[in-house]
Structures are given as C-alpha cells and as structure tokens.
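Colleague: quick one, what's the 3D model for this:
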Amino acid sequence: MTTPASRRRAWKRDESEIARLLGGERVPVTGRQRGYQPDVSHPWLSVEVKSFAALPQRVADAMDQAEKAAAWAKRREQRDKLPIAVIHGKRTHRGKSLVVMRLDDFLDWFGGQVGVPDVEEAG
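Modeller: This next block holds a predicted model:
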C-alpha cells in the first residue's frame, strides 16, 4: 500500500532525476508560485514533470508507430530519424498541438546535460 508520504517522495524523486538528466535543478515546491515556476530550473527549457501510473494508451500507440517508422527508415534508407508524436485536439489550432518524444531520444539528439544552445542552433 502506498502512503501519501511515499507518493510525495516518488514525484520528488522523478523531478530530481529528470532535472539531473537535463542539466537543470529541481525547484522545491516552497520556491514555486503556482503556475509561474516550472518543476525544473534550466537555462533554456521550461520543464513541467507529470507522473502517471501508465501513459495514456493512445499517446503510447502514437509513439510506438513513430518509433516503428523511424526504425524502418534506418533499415531501408540508412537514415536516422527522430520519432515524435504530434498530439492534436479536434477544433484546436494546430500550433497548440503537443509534440511528444521519449526523453532518451531527446537526450540522444540534443545531448545529455542539455546546456544553452548556440545562437545559430536556436535560431
């Protein structure tokens, strides 16, 4: 059985580990103003960490399909492609869609301990 204290420790641990992987620092809840401070302080990313018992199945299926397409491109075209899923809500402006990717892929493509991008890279 999980207790409120163990659940609190689990999300704090998740936030701390993700902050470490990205080269940022976890912002303690006491240092946050609701909605204005991210979970992780970082030079160029605004990171909000959410933990679920399981990912929504439709999102997981979309990522699986993107990963299979990237694997196919690697085999057939000898090209590395970054698998992403774009999650779009009906009757929502397309620019408000979400881009979902695996954290491991993000770190592989953009570097572990993600630092400040070069001006040319960011622009």
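Colleague: I'd say residue 10 and residue 51 touch.
Modeller: Yes: the pair residue 10 / residue 51 is scored as a contact, 7.1 Å apart, by C-beta atoms under 8 Å. C-beta coordinates here come from the backbone N, C-alpha and C atoms, glycine included.
Colleague: could I get the average pLDDT for stretch 96-116?
Modeller: For stretch 96-116, mean pLDDT rounds to 84.
Colleague: pLDDT below threshold where in this structure?
Modeller: 1-2, 31-35, 112-123 (pLDDT under 70).
Colleague: could you list the residues in contact with the longest helix along it?
Modeller: Longest among the helix segments of the chain by residue count, using DSSP state H, is helix 57-77. Contact with helix 57-77 is made by 79-85, 87, 100-102, as judged by C-beta atoms under 8 Å, 6 or more residues apart in numbering.
Colleague: neighbours around the closest residue to residue 66 other than its chain neighbours, how many?
Modeller: Spatial nearest neighbour of residue 66, excluding adjacent residues (C-beta to C-beta, 6 or more residues apart in numbering): residue 83 at 3.8 Å. Neighbour count for residue 83, taken as other C-beta atoms under 10 Å: 19.
Colleague: residue 18 and residue 103 touch, don't they?
Modeller: Yes: using C-beta under 8 Å, residue 18 is in contact with residue 103, at 7.2 Å.
Colleague: which one's more surrounded, these two?
Modeller: Neighbour tally, residue 18 and residue 103, criterion other C-beta under 10 Å: the higher count belongs to residue 18, 17 against 10.
Colleague: grab the nearest non-local neighbour of the more buried one.
Modeller: Closest to residue 18 by C-beta to C-beta, 6+ apart is residue 49, at 5.3 Å.
Colleague: what about that neighbour, which SS state?
Modeller: coil (DSSP: H, G, I helix; E, B strand; the rest coil).
Colleague: could you pull out the helices for this protein?
Modeller: Applying DSSP H to the chain gives helices spanning 4-22, 57-77, 103-110, 119-122.
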